[in-house]
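Student: Just need the structure, nothing else, for what follows:
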Amino acid sequence: MILRSKVKDLLEMEAGREVLAKGWVRTKRPSKEVAFIALNDGSTIKNIQIVLDRNEENAPLLAAISTGACIAVRGQLVESVGSGQKVEIKASEIELYGACDPVRYPLQKKDTSFEYLRTVAHIRPRTNTFGAVLRLRSQMAFAIHEYFHSRGFVYLNTPLITASDAEGAGQMFQVTTLDLANVPRNKKGQPDYSKDFFGRQTSLTVSGQLEGELGATALGEIYTFGPTFRAENSNTPRHLAEFWMIEPEMAFYDIKDNMDLAEDFIKSLVRYALDNCREDITFLNDRYDNTLIERLEGVVNTEFVRLAYGEGIKILKAAVEAGHKFEYPVDWGTDLQSEHERYLVEEHFGKPVILTDYPKDIKAFYMKQNEDGKTVRAMDILFPKIGEIIGGSEREADLAKLEGRIDELGMSRRNLEWYIDTRRFGSCPHSGFGLGFERLLLFITGMQNIRDVIPFPRTPKNAEF
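Tutor: The predicted structure follows:
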């Protein structure tokens with residue numbers, strides 16, 4: 001019995017053996033005596049060529065095989081006489097698993113736009129581009145787990161349904177089992193959440209950070225890796241309503257330790273991609289962005305700039321005075337936009353930048369305050385083509401300062417007492433950061449829109465598939 005071999009493995013085998021391949025037809029090209037079929041099974045960017053004799057016996061089968069059809073091929077692996085591949089399969093038997101209507105099939109030979117492909121997200125993984133992107137996504141997920149596991153971090157699963165808003169922004173998707181056509185009301189006329197499934201108002205998480213801090217203050221070093229949700233009405237190439245986050249939290253790390261880990265982490269991931277996904281990266285480099293590999297190698301081989309927010313503002317204001325045009329104004333106290341971040345990275349320094357010591361008024365309540373009373377020990381890593389790719393901070397370990405900041409922002413403490421307990425009972429210095437998985441994939445793939453690095457994007461007015 002011959003076992004199926006994947007196309008990736010077949011292309012590395014020596015000729016002269018009987019093989020079985022299964023996959024989807026990319027192209028069919030008839031000649032006078034034979035037909036050439038390009039077969040792909042998703043294991044590699046490359047196809048394997050199938051050669052089938054054209055005769056009366058094979059005519060009905062060949063007529064039924066079109067682009068998109070699924071077939072199984074038995075035959076002899078032989079040396080290829082054509083260029084571009086070392087071996088091909090001379091077919092002795094082809095079984096048609098699933099025919100494909102050539103008229104209605106969404107993927108035609110001509111180039112199609114990414115916008116169109118998003119409307120057929122259930123089919124687009126069969127394209128070369130999205131096959132490469134999704135293989136890279138899988139490899140990078142493995143690399144993330146491997147990185148933290150090799151350093152003794154504990155993988156912590158934080159809840160997707162929560163009653164707390166980690167960011168204090170309120171842009172959350174509500175979770176409820178209440179009958180929306182007949183919502184029960186309390187005496188104040190407000191929805192009575194005591195009748196809801198959890199007995200209180202709950203939402204999908206915007207971050208696992210707060211729960212991650214609980215893990216770090218017991219287990220030392222933890223990381224989370226899972227989906228997060230933001231009900232932000234942002235139709236931009238950099239925002240999703242559902243995305244994945246990697247969030248490590250580390251006890252006894254100060255801001256410098258945090259920056260060191262974040263820089264090493266992201267360099268390690270890029271290095272892993274270059275070492276283990278070169279074929280797919282080369283395809284994307286050659287097809288869409290011929291500076292991609294150079295940019296990736298540049299990140300691995302350079303030391304990131306560490307720059308205080310105030311110094312960054314001075315550089316940006318000097319650029320404005322020199323005639324550079326920004327869409328958004330810049331001054332001390334403003335939250336930097338992507339255009340500001342990219343100017344620092346791409347035009348001023350020409351390398352990644354870790355921006356630190358932000359004004360406390362534009363950062364979250366949990367960040368450790370500096371002695372100046374105006375800034376916090378925050379850090380954002382800014383990347384070329386992306387802008388912010390990592391955001392983090394040393395966390396406020398002082399109980400009085402944390403409580404004061406919560407009160408200053410007018411936040412409800414009702415759902416935060418469990419978090420404040422970590423400062424009441426054995427508080428310790430600790431730090432952490434968050435890396436948006438899809439932002440990382442934008443950088444590694446060179447894709448321009450974040451909707452093209454996740455299988456099924458969730459954005460405003462769009463929850464297809």
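
Student: Can you show me the strands along the stretch 251-400 of the chain?
Tutor: 305-308, 353-359, 375-383, 387-394 (DSSP state E, counting those that start in this stretch).

Student: got those as CSV, with mean neighbour count, mean pLDDT and distance to residue 108 columns?
Tutor: Quick note: C-beta positions are derived from backbone N, CA and C, even for glycine. What follows is the strands of the stretch 251-400 of the chain, written out as CSV (neighbours: other C-beta atoms under 10 Å; pLDDT from 0 to 100; distance: least, C-beta to C-beta, whole Å):
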stretch, mean neighbour count, mean pLDDT, distance to residue 108
strand 305-308, 16, 98, 46
strand 353-359, 22, 98, 43
strand 375-383, 25, 97, 35
strand 387-394, 22, 96, 35
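
Student: Could you dump these into TSV and include distance to residue 185?
Tutor: What follows is these, written out as TSV (distance: least, C-beta to C-beta, whole Å):
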stretch	distance to residue 185
strand 305-308	51
strand 353-359	41
strand 375-383	41
strand 387-394	39
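
Student: Which among these is found nearest to residue 443?
Tutor: Ranking the strands of the stretch 251-400 of the chain by their distance to residue 443 (criterion: C-beta to C-beta) puts strand 375-383 first, at 5.6 Å.

Student: which stretches of the stretch 101-250 of the chain aren't confidently modelled?
Tutor: Counting by pLDDT under 70, the stretch 101-250 of the chain has low-confidence residues at 109, 167-170.

Student: How about residue 386, nearest residue that isn't a chain neighbour?
Tutor: residue 443 (5.3 Å; C-beta to C-beta, 6 or more residues apart in numbering).

Student: and that neighbour, that's in a helix?
Tutor: Yes: according to DSSP: H, G, I helix; E, B strand; the rest coil, residue 443 belongs to a helix.

Student: Tell me what residue 73 is bridged to.
Tutor: In this entry, residue 73 is beta-bridged to residue 21, residue 94, by DSSP bridges.

Student: residues in contact with it?
Tutor: Applying C-beta atoms under 8 Å, 6 or more residues apart in numbering to residue 73 gives the contacts 20, 21, 22, 37, 39, 50, 89, 91, 93, 94.

Student: One more: residue 221?
Tutor: Counted by C-beta under 8 Å, 6+ apart, residue 221 has contacts 151, 152, 153, 154, 248, 249, 250, 251.

Student: now those: which count as buried?
Tutor: Among these, the ones that count as buried by 16 or more other C-beta atoms under 10 Å are 153, 248, 249, 250, 251.

Student: How are the helices of the stretch 251-400 of the chain distributed by residue range?
Tutor: For the stretch 251-400 of the chain, the helices defined by DSSP state H, counting those that start in this stretch cover 255-276, 278-287, 292-300, 309-321, 338-342, 399-408.

Student: So which of those is nearest residue 370?
Tutor: Here helix 255-276 is closest among these (C-beta to C-beta), at 9.6 Å.

Student: Give me the angle between the closest one and helix 278-287.
Tutor: 90 degrees (axes from the mean of the first three to the mean of the last three C-alpha atoms, to 10 degrees).

Student: chain center to helix 255-276, what's the gap?
Tutor: Distance of helix 255-276 from the chain centroid (C-alpha atoms, centre = their mean, to the nearest Å) equals 15 Å.

Student: Outside of it itself, list whatever touches it.
Tutor: Contact with helix 255-276 is made by 136, 139-140, 143-144, 146-147, 248, 250, 253, 281, 293, 296-297, 299-300, 304, 306, 354, 356, 368, 377, 379, 381, 389-390, 392-394, 431-433, 435, 440, 443-444, as judged by C-beta under 8 Å, 6+ apart.

Student: Return the set of buried residues in it.
Tutor: Buried residues in helix 255-276, counting neighbours by 16+ other C-beta under 10 Å, are found at 255, 258-259, 261-263, 265-274.

Student: I'd like the average pLDDT over it.
Tutor: Across helix 255-276, pLDDT averages out at 98.

Student: Only C-alpha atoms, please: export it in PDB.
Tutor: C-alpha atoms of helix 255-276 as PDB (Å, rounded to 0.1, in the frame of the first residue of the first chain):
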ATOM      1  CA  ILE A 255      11.300  48.800  32.900                       C
ATOM      2  CA  LYS A 256      14.800  48.100  31.600                       C
ATOM      3  CA  ASP A 257      14.300  44.300  32.100                       C
ATOM      4  CA  ASN A 258      11.000  44.700  30.300                       C
ATOM      5  CA  MET A 259      12.600  46.500  27.300                       C
ATOM      6  CA  ASP A 260      15.400  43.900  27.100                       C
ATOM      7  CA  LEU A 261      13.000  41.000  27.000                       C
ATOM      8  CA  ALA A 262      10.700  42.700  24.500                       C
ATOM      9  CA  GLU A 263      13.600  43.500  22.100                       C
ATOM     10  CA  ASP A 264      15.000  40.000  22.400                       C
ATOM     11  CA  PHE A 265      11.600  38.400  21.900                       C
ATOM     12  CA  ILE A 266      10.700  40.200  18.700                       C
ATOM     13  CA  LYS A 267      14.200  39.700  17.300                       C
ATOM     14  CA  SER A 268      14.000  36.000  18.100                       C
ATOM     15  CA  LEU A 269      10.600  35.800  16.300                       C
ATOM     16  CA  VAL A 270      11.900  37.500  13.100                       C
ATOM     17  CA  ARG A 271      15.000  35.300  13.200                       C
ATOM     18  CA  TYR A 272      12.800  32.200  13.400                       C
ATOM     19  CA  ALA A 273      10.800  33.400  10.400                       C
ATOM     20  CA  LEU A 274      13.900  33.900   8.300                       C
ATOM     21  CA  ASP A 275      15.400  30.600   9.400                       C
ATOM     22  CA  ASN A 276      12.300  28.400   9.100                       C
END
